[in-house]
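Visitor: quick one: sequence plus predicted model below, questions after.
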Amino acid sequence: MSAEAREVAAEELQPGDESRMFYNQATWKKIIVMLGGPAMNGLLALFLTAGTVSLHGMNEAVPRVVEVYECVATTQEVAEQQDGECASDAPAGPAYEAGLRPGDEIVEFADDPVEDWDHLSGRIRDAAGQETALVYERDGERVSTTLTPIETERPVYDQFNRVQRDDDGEVLTERAGFIGMGADQEIVRHPPWEAGPIVWEQSQAIAQVVMTLPVRMYDVAVTTFTDAERDPDGPMSVVGVGRIAGEISAQEQIPWESRFATLMSLVAGVNVALMIFNLIPLLPLDGGHVAGALYEALRRRLAKLFGRPDPGPFDISSCCR
């Protein structure tokens, strides 16, 4: 097939085109051409993400109370047995005891102004067992109080907000402060240049998936043909993405602009996945062609270094027959 394609292309050559042939170009020029596809995927992801975060915004937790727990269940079993009611030996919720109620907005914690929910939750985790000053706002008035976060076992999350597990599949936990309240959700707009860090984090997460793809594909096969539960963080096919997009579009109770923004975020994520996947150094992916160009440059450089004749262009198709 490669030979036939070359013969067809050779018939279109005109005198003087020999120096313009792709295989005669410098390595850096070849790499630029080969990376054109992944680069466009990355630019599309940046463009769609920038439009989504700046025009619509992202759904984020804010330091406003949406629910307060009168008590804190120490284990999942206790919570299930009580059906949401407090057990007699369950510790009281620090937020409830401090007077926090739904609708209150926390403005200071430990004499430090609260910037956002991530800042507040981090301070709460670090203040386990310590009596701490807290200021919240209710109906335009500020109220000062104190509370002592309870020290509890909480799951450990990575930089991509995924639960970490040990080699045996058990969830890793850490000691952290807990005050027994839920944060409200709000659509927050961001400057378009914040799309860069978002796409970068997505790229890192997808790269980690690609690095463990053989193992993950084996897990998918096991869950497909057995009764094993599928990993929610496992790889998803284009069909799965399309199904999610269809389900989102059908949710009429969600405002149309939110549905559209979610769909654009999905498209951006697919472009990031295509960019990373195409960079894998295997043929026929773009990364494989880049690897071939680099091998050709290395081979020529070594031949020149040892005084040998130029081996000429490297035929990628010949290595995969």
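Guide: All right, it came through fine. Keep in mind that this is a model prediction, so the values were computed, not measured.

Visitor: sec struct for residue 4, please.
Guide: helix (DSSP: H, G, I helix; E, B strand; the rest coil).

Visitor: which ones are touching the residue nearest the centre of the chain?
Guide: In the chain, the C-alpha nearest the mean C-alpha coordinate belongs to residue 202, at 3.8 Å (Cα atoms, centre = their mean). Residue 202 makes contact with 45, 268, 269, 272, according to Cβ atoms under 8 Å, 6 or more residues apart in numbering. No exception for glycine: its C-beta is placed from N, CA and C like everyone else's.

Visitor: in these, find the pair that's most separated.
Guide: The largest separation in these, counting by Cβ to Cβ, is between 45 and 269 at 7.5 Å.

Visitor: more neighbours: which of the two?
Guide: Per other Cβ atoms under 10 Å, whichever of residue 45 and residue 269 has more neighbours is residue 45, with 25 against 19.

Visitor: quick one, grab the pLDDT at the more buried one.
Guide: With respect to pLDDT, residue 45 scores 94.

Visitor: phi and psi next, for residue 35.
Guide: Dihedral pair for residue 35: phi -90, psi 10, per degrees, to the nearest 10.

Visitor: sorry, wrong one. I was asking about residue 171.
Guide: With angles defined as degrees, to the nearest 10, residue 171 sits at phi -70, psi 130.

Visitor: so it sits against residue 157, correct?
Guide: No - Residue 171 is beyond contact range of residue 157, at 10.3 Å (criterion: Cβ atoms under 8 Å).

Visitor: and residue 108, what element?
Guide: If you go by DSSP states H and E, residue 108 is part of strand 105-109.

Visitor: so for that strand, what gets flagged as buried?
Guide: Buried residues in strand 105-109, counted by 16 or more other Cβ atoms under 10 Å: 106, 108, 109.

Visitor: who's in contact with the last one?
Guide: Residues touching residue 109, when contacts are defined by Cβ under 8 Å, 6+ apart, comprise 120, 123, 124, 127, 132, 133, 134, 135.

Visitor: cool, the first one as well?
Guide: Residue 106 makes contact with 63, 64, 65, 100, 114, 120, 134, 135, 136, 137, according to Cβ under 8 Å, 6+ apart.

Visitor: skipping its backbone neighbours, what lies nearest the second one in space?
Guide: Okay, so that is residue 64. residue 184 (4.2 Å; Cβ to Cβ, 6 or more residues apart in numbering).

Visitor: for the one you found, grab the count of nearby residues.
Guide: 16.
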